[in-house]
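Student: Give me the fold of what follows.
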Amino acid sequence: MTTPSIAATSQGSPRRRPPLPRDVVVMLIAAFLIALGFGLVAPVLPQFAVTFDVGATAAAVIVSIFALVRLAFAPAGGFLVSKFGERRVYVTGLLIVAASTAACAFAQDYWQLLVFRGVGGAGSVMFTVAAMGLLIRLSPPESRGRVSGAYASAFLLGSVGGPVIGGLLAGLGLRIPFLAYAGALILAALVVATQLHRAGPVYDHKAAQQDPMLLLPALGDSAYRAALASSFANGWAAFGVRMATVPLFAVAVLGAGPDSAGWAMASFAVGNAVALLFSGRLADTWGRKPLVLAGLTVAGLATAILGVVPTLALLFAASAVAGFGAGLLGPAQQAAVADVIGRDRSGGRVVAAFQMVADAGAIVGPVLAGVVADGLGYGWAFGATGLVMLLAAAMWLGARETATKN
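Tutor: Presented below is the predicted three-dimensional model:
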């Protein structure tokens with residue numbers, strides 16, 4: 001006798017949410033380990049690059065090469081997922097990043113470091129695309145928002161803890177965090193390879209009941225087109241401008257110290273964490289569109305005012321509100337893409353395109369924001385970034401609701 005997905009309750013009693021599937025919990029553990037490891041090297045990577053007698057620009061290239069290779073390799077990542085299945089590509093991607101990161105620890109000059117770091121970008125997009133594909137397959141349709149929120153929360157926890165541990169490890173030498181990151185990735189790969197699919201059906205490309213979803217049919221869906229727009233906007237604002245432009249604004253305009261950027265990012269993370277406590281569940285009960293629209297609007301308006309705040313306290317407050325908006329957006333947006341693809345087919349190319357536009361936004365956004373800031377001022381730069389998010393919200397107004405009403 002099978003257990004129903006939602007436990008039966010007596011009339012008038014509240015319905016209890018079923019526990020997350022075991023395989024989803026495995027994915028959450030892996031996500032935490034990955035984010036924890038990435039956080040280990042994030043604080044020390046530019047410092048390590050400078051030890052090879054290069055300037056700030058060359059050190060920044062070491063950071064950006066990872067995103068550039070991710071963007072270039074994303075179509076291949078989608079193809080590999082469709083051909084070999086999510087689990088194999090996920091584990092292989094993790095091991096590639098582990099090997100490249102360990103190689104970084106032994107780099108003898110700047111160019112070796114650049115090549116090793118770039119190779120890691122290819123592995124990164126492999127496991128990122130595969131991870132989203134796995135979550136789509138593993139998530140019950142009625143719990144997709146909740147699963148997406150839990151995955152984002154696991155990643156956020158690792159991202160918060162990683163820099164703290166990485167800073168401590170850096171005291172033992174700037175090469176040590178790279179080895180620790182490689183170890184975390186190997187552990188995550190072992191967890192997925194040995195623990196995933198022990199219970200329940202095997203989710204790989206051979207188990208799919210339908211042919212893989214191609215990109216062109218997905219582009220015919222208004223919800224997917226809107227998701228591409230919001231993914232690009234979120235990459236521009238949350239992963240691009242927040243990381244590159246906010247620190248410059250805090251120092252150049254508000255006259256704050258370098259640590260102010262860390263506090264602004266921490267404020268964003270706090271707001272993000274608060275929203276993730278409930279946004280996934282609401283996306284499952286209210287629908288995807290209300291949460292996406294609310295998230296884009298809140299994050300867009302909060303980002304737009306960043307460039308005109310007169311004090312650090314208001315900068316931190318606006319950053320927290322922007323993080324809250326991003327936390328409303330993320331689970332609902334990912335759940336909508338999962339709804340478009342469905343559970344019984346692979347969507348490697350569709351997921352890869354979704355990831356590509358986020359990476360493109362993260363690369364283009366800071367550059368254009370910097371040009372606007374230099375020419376017109378930071379107020380215009382952040383205002384333009386907020387406008388990008390609001391334009392994405394406008395696209396969602398005409399998109400269909402993808403959630404199945406129970």
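Student: for the nearest residue to residue 246 once chain neighbours are set aside, what are its contacts?
Tutor: Excluding the flanking residues, the one nearest residue 246 by CB to CB, 6 or more residues apart in numbering is residue 264, at 5.3 Å. Where you see a C-beta, it was placed from the backbone N, CA and C, and this is true even at glycine. Neighbour list for residue 264: 246, 247, 250, 315, 316, 319 [criterion: CB atoms under 8 Å, 6 or more residues apart in numbering].
Student: what about the residue nearest to the last one when sequence neighbours are not counted, which helix or strand?
Tutor: To tie it back to what came earlier, the one meant is residue 319. Using CB to CB, 6+ apart and skipping the chain neighbours, the partner closest in space to residue 319 is residue 267 (4.2 Å). Assessed by DSSP states H and E, residue 267 sits inside helix 259-276.
Student: Which of the residues in that helix are classified as buried?
Tutor: By 16 or more other CB atoms under 10 Å, the buried positions in helix 259-276 come out as 260-261, 263-273, 275-276.
Student: can I see the domain layout of this protein?
Tutor: Domain ranges of the chain: 22-206, 215-397, per automatic domain parsing.
Student: Show me what the host helix or strand of residue 39 is packed up against.
Tutor: Residue 39 belongs to helix 22-41 when elements are defined using DSSP H and E. If you count contacts as 3 or more CB pairs under 8 Å, 6 or more residues apart in numbering; DSSP states H and E, helix 22-41 packs onto helix 86-105, helix 110-138, helix 144-170, helix 176-195.
Student: Which of those helices sits closest to residue 51?
Tutor: Across those, residue 51 has its closest neighbour in helix 110-138 (9.2 Å, CB to CB).
Student: quick check: angle from the closest one to helix 176-195?
Tutor: Helix 110-138 runs at 30 degrees relative to helix 176-195, counting by axes from the mean of the first three to the mean of the last three CA atoms, to 10 degrees.
Student: any idea how far the residue nearest to residue 319 lies from residue 321?
Tutor: Residue 267 sits 9 Å away from residue 321 when distances are taken as CB to CB, to the nearest Å.
Student: One more: residue 18?
Tutor: Residue 18 sits 33 Å away from residue 321, going by CB to CB.
Student: what is the rounded mean pLDDT of the helix or strand harbouring residue 234?
Tutor: Assigned by DSSP H and E, residue 234 belongs to helix 222-234. For helix 222-234, mean pLDDT is 95.
Student: Could you list every helix and strand in contact with it?
Tutor: helix 288-304, helix 312-341, helix 348-376, helix 378-397.
Student: looking at these, which has the lowest confidence?
Tutor: helix 348-376 (a mean of 85).
Student: Which strands and helices lie in contact with that helix?
Tutor: Using 3+ CB pairs under 8 Å, 6+ apart, helix 348-376 is in contact with helix 56-84, helix 110-138, helix 215-219, helix 222-234, helix 242-252, helix 312-341, helix 378-397.
Student: how about those, which one is nearest residue 31?
Tutor: Closest to residue 31 of the helices and strands packed on helix 348-376 is helix 110-138 (CB to CB; 7.3 Å).
Student: nearest spatial neighbour of residue 340, skipping sequence neighbours?
Tutor: Leaving aside its sequence neighbours, residue 340 sits nearest to residue 224 (CB to CB, 6+ apart; 4.8 Å).
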